[in-house]
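In: have a look at this prediction, sequence included:
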Amino acid sequence: MSDHELHCDTCEGVVLFEAPPCGDGHGVDCPELICTGCGSAVLLAPVASRPARRRAPRTSHRHAA
């Protein structure tokens, strides 16, 4: 099991959270954590982001009058 100190909204403070036995095969990297104070569960999800795409510069098309 993996232990983390996190803020628990129910306990209104920083408490120890631990990962329960993971049935999904994540092992110590299981994203599910349980508060050891009150039993509330949290899910830690990584934030995935993509680098912003750079737009090609706009070219203005001039037309003959």
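Out: Looks like it came in fine. Residues are numbered from 1 along each chain as shown.
In: for this structure, what spans make up the strands?
Out: Ranges of strands within the chain are 3-8, 13-18, 32-35, 41-43, based on DSSP state E.
In: strands paired with the shortest one, and their directions?
Out: Okay, so that is strand 41-43. Take DSSP bridges as the rule and strand 41-43 pairs in its sheet with strand 32-35 (antiparallel).
In: output the partner strand as PDB - backbone C-alpha positions only.
Out: The C-alpha coordinates for strand 32-35 follow below in PDB (Å, rounded to 0.1, in the frame of the first residue of the first chain):
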ATOM      1  CA  GLU A  32      -7.800   5.400  -5.700                       C
ATOM      2  CA  LEU A  33      -7.000   6.600  -2.200                       C
ATOM      3  CA  ILE A  34      -9.000   6.200   1.000                       C
ATOM      4  CA  CYS A  35      -8.800   8.700   4.000                       C
END
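In: contacts for it?
Out: Contacts of strand 32-35 with the rest of the structure, by Cβ atoms under 8 Å, 6 or more residues apart in numbering, involve 4, 6, 8, 10-11, 15-20, 22, 40-44. Every C-beta, even on glycine, is put in place using the N, C-alpha and C of the backbone.
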